[in-house]
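> Have a look; sequence and predicted model below, questions after that.
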Amino acid sequence: MRIRETLSIRFCDIDLSHGEEKIIVRGKGDRLRAIPLVPGLLSLELLREEVNKYGADQIYLFPQPGDISQPLSYNDASALWRQLQKQTGTRYHVHQIRHSCATSLLNDGVDIEIIRQLLGHQDIQTTSHYAKLDIRALRKELIAYVQRRERGLVREDSAVWGNTLQVLI
């Protein structure tokens, strides 16, 4: 999620129904999208704890200190991030987490269309700027292609690389 999307999460946007766990996010252009939450991850269990602890008393998951009726401001979130950077000795911008998550998903075989939807991009070109395949993922896909071709699972008229691809691998 984008930082502003995260800060604006309300408890009513969180659905923790068994098998339906998700957060409804209001993104750019006021577009809504659902972010599925994966059972078994620590983050989901921590979210459940927060909902059980605060859900009835406050509106926002990340409220403004002293005013739980307002979301944490972007500036306050940035200040908290800078404090965390000092404590951990890191120099990453918080937005880089979004890029690295997209890249990890892509390199682990998640379809770029799924990643596009998760990130809330309208254009897949934007997603391709975020997510970059590493050489291992490229090699793995090319090897899988050659194996499919050898088993006759690729139409010969679509095998534009011919034997060149086998030489490269």
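Cool, got the structure. Residues are numbered from 1 along each chain as shown.
> where along the protein do the helices fall?
Listed in chain order, the helices found in the chain under DSSP state H are 3-7, 42-54, 74-88, 95-107, 112-119, 124-130, 135-150, 164-168.
> can you list the domain ranges for this protein.
3-91, 101-133, 135-168 (automatic domain parsing).
> now the ones you listed in a markdown table, with mean neighbour count and mean pLDDT?
Yep, even glycine has a C-beta here, placed from its N, CA and C like the rest. Formatted as a markdown table, the domains of the chain follow (neighbours: other C-beta atoms under 10 Å; pLDDT from 0 to 100):
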| stretch | mean neighbour count | mean pLDDT |
| --- | --- | --- |
| domain 3-91 | 13 | 91 |
| domain 101-133 | 15 | 88 |
| domain 135-168 | 11 | 72 |
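> The helices of the chain: which one's closest to Gly19?
Closest of the helices of the chain to Gly19 is helix 42-54, at 12.3 Å (criterion: C-beta to C-beta).
> Is it possible to get a markdown table of the helices of the chain that adds distance to Ile35?
Below are the helices of the chain laid out as a markdown table (distance: least, C-beta to C-beta, whole Å):
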| stretch | distance to Ile35 |
| --- | --- |
| helix 3-7 | 9 |
| helix 42-54 | 11 |
| helix 74-88 | 18 |
| helix 95-107 | 12 |
| helix 112-119 | 7 |
| helix 124-130 | 15 |
| helix 135-150 | 24 |
| helix 164-168 | 37 |
